[in-house]
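>>> Okay, predicted coordinates and the sequence, questions at the end:
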Amino acid sequence: MAVTLPQITSALSIFIAAVLVRLARGMPTLDWKSVPLEKRKMLTGELVDVSREYAGLLALLMLLLLLTVSIGAISMWFAPENTVWRKGMSALIGMLVSLSVLRFGYVVWRDLDIVSLQKTVIDGMADQELASKNSETATAKIEQMRMAKLSGGEKHPIEVLQDGETRT
């Protein structure tokens, strides 16, 4: 146990730093007024949920780090070598490290899920903006054609189709 405790504390410190960096990231910067209300509420709700999960993971990792350091110090000074106490503490630390790694993986997976949701919302906004811009351009060009009052040959009136309407 004395051999592995420095490596465990280093790994736990790295995990804690990663969680703190993620928690410091916060909400993405978007023009929230252009995001539809239901998608905005879904996205912000998911971001709050995953931040809570990171906070819980941080508490678990901090407890594990404190426990690891305390057990290491106690076992080095007071517990004789190869006792049931040392084996039990090693098993407890191993179980908590495994739990932390699994929990860390789950929270990262949830974070990736939220990134996918952000992509969907942002791409949807971009597609909506492009469609609006194309519609405005088309309307302006049709108006220019009407104003030109082109003559000669057969006259074909310019018809504007409504959304979803097709002409065969």
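Ah, there it is.
>>> For residue 106, which non-adjacent residue is spatially closest?
residue 53 (7.8 Å; CB to CB, 6 or more residues apart in numbering). Placement of C-beta: from N, CA and C, glycine included.
>>> what do you get for residue 124?
residue 39 (7.3 Å).
>>> name the element that neighbour belongs to?
Element membership for residue 39, per DSSP states H and E: helix 37-77.
>>> After that helix, which helix or strand is next?
helix 84-148.
>>> Would you mind pulling up the elements that that next one packs against?
Applying 3 or more CB pairs under 8 Å, 6 or more residues apart in numbering; DSSP states H and E, one finds that helix 84-148 makes contact with helix 5-25, helix 37-77.
>>> coming back round to it: do you know how far the residue nearest to residue 124 is from residue 68?
Distance of residue 39 to residue 68, computed by CB to CB, to the nearest Å: 43 Å.
>>> now residue 129
Here residue 129 is placed at a distance of 52 Å from residue 68 (CB to CB).
>>> Same check on residue 101?
Where residue 68 is concerned, residue 101 sits at a distance of 14 Å (CB to CB).
>>> Looking at the two, which is more packed in?
residue 68 (22 against 12; other CB atoms under 10 Å).
>>> While we're on that one, how confident is the model there?
pLDDT, residue 68: 78.
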